[in-house]
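Chemist: Structure, please.
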Amino acid sequence: MGQTLLMNNKPTSKITASLLFAGVMLLASCTTVSKSPLPEGTPGTTAQSAGMNAYKKAPLEEIQTKLITLDQRIDLLENLEARVTALEKPVKTKNSESTLNQEPQPVYTNPILLYNRARSLFLEENFQDAAGLFKEYVKQFPDSELADNALYWLGECHYSQGEYQAAIKTFKDVATLYPRRGKVPDALLKTAYAYLILDDSDRAHHYLKLVVKGYPSTQEGEKAEQKLKAFQ
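Modeler: Numbering: from 1, shown residues only. Below is the predicted model of the structure:
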């Protein structure tokens, strides 16, 4: 709407100036009339003076009314000009500001750099960003030596944020996708812990037994055995 006003009409400041000039000219004409009395002693001065007074009174009242109308129009035009100026300003939204301030994420082509960055974020307790990088690692480098570690720490990110169902699924994926890798006992043990938090003691008991039976001489096996004793 602001653009249409500007293209089809003169700028409102010029219109305002024109109205002010018209008011001044009306006032000047009133002053000219009022300063031209009939000479004293002229025949019919009294009658003509009365007529002139009546003549001057009517135009003065009319001019005052017109001036008031002009003032009102000027106020309306000034308000309109302010609104047009406001419409011309670019609108900034929260999304556009956040998009402008958001730094582009680096693209990691080296698996070691990507893994180390994700681990650093995890240690800083920035679990959300760390989860994104661990997920990216598993996606880009599923066959690398650290793939099972990355998937396990992705589960830890979910676990640390209280997303226990997502954590359970991720820990189970570690055992399913990388059954011969070193992070399997950790993943099975944390699966049991997550079930305990969810008050699912039957499944927790099942996974604790898997750790004790499958990895009896490991730290994870010992922890699982201690948890099983707590059930007795």
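Chemist: what's next to stretch 132-152, contact-wise?
Modeler: Outside stretch 132-152, the residues that touch it by Cβ atoms under 8 Å, 6 or more residues apart in numbering are 108, 111-112, 114-115, 117-118, 121-122, 153-154, 157, 170-171, 173-174, 177-178, 181-184, 186-187. For glycine as for every other residue, the C-beta is placed from the backbone atoms N, C-alpha and C.
Chemist: care to break the chain down by domain?
Modeler: Domain ranges of the chain: 2-96, 111-231, per automatic domain parsing.
Chemist: Pull out the buried residues from the contacts of stretch 132-152.
Modeler: Buried members of the contacts of stretch 132-152, scored by 16 or more other Cβ atoms under 10 Å, are 108, 111, 114-115, 117-118, 121-122, 153-154, 157, 170-171, 173-174, 178, 181, 183-184, 186-187.
Chemist: So which bits of whichever strand or helix holds residue 228 are buried?
Modeler: Assigned by DSSP states H and E, residue 228 belongs to helix 219-231. For helix 219-231, a neighbour-count test (16+ other Cβ under 10 Å) marks 220, 221, 223, 224, 227, 228 as buried.
Chemist: Likewise for stretch 161-177?
Modeler: Neighbour counts over stretch 161-177 (16+ other Cβ under 10 Å) mark 163, 164, 166, 167, 168, 170, 171, 173, 174, 175 as buried.
Chemist: Name the residues that touch stretch 182-198?
Modeler: 148-149, 151-152, 155-156, 159, 164-165, 167-168, 171-172, 174-175, 178, 201, 203-208, 210-211, 214-215, 218, 220-221, 223-224, 227.
Chemist: Could you list which of those residues belong to helices?
Modeler: Using DSSP state H, the subset of those located in helices is 148-149, 151-152, 155-156, 159, 164-165, 167-168, 171-172, 174-175, 201, 203-208, 210-211, 214, 220-221, 223-224, 227.
Chemist: sorry, back to before: reformat the buried residues of stretch 161-177 as TSV; add pLDDT.
Modeler: Output for the buried residues of stretch 161-177, formatted as TSV (pLDDT from 0 to 100):
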residue	pLDDT
163	98
164	98
166	98
167	98
168	98
170	98
171	98
173	98
174	98
175	96
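Chemist: Widest-spaced pair of these?
Modeler: 163 and 175 (18.7 Å; Cβ to Cβ).
Chemist: Now do the contacts for residue 205.
Modeler: With Cβ under 8 Å, 6+ apart, residue 205 has these contacts: 192, 228, 231.
Chemist: same thing but at 10 Å, please
Modeler: 192, 195, 196, 227, 228, 231 (Cβ atoms under 10 Å, 6 or more residues apart in numbering).
Chemist: how about the residues you listed, which pair is most distant?
Modeler: So, the contacts of residue 205 by Cβ to Cβ: farthest apart are 195 and 228, at 13.2 Å.
Chemist: Could you name every residue contacting both of those two?
Modeler: Common neighbours of residue 195 and residue 228 (Cβ under 10 Å, 6+ apart) are 204, 205, 208.
Chemist: Any chance of a markdown table for those, columns pLDDT and distance to residue 138?
Modeler: Output for those, formatted as a markdown table (pLDDT from 0 to 100; distance: Cβ to Cβ, whole Å):
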| residue | pLDDT | distance to residue 138 |
| --- | --- | --- |
| 204 | 97 | 26 |
| 205 | 96 | 29 |
| 208 | 97 | 26 |
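Chemist: Perfect, that will be all.
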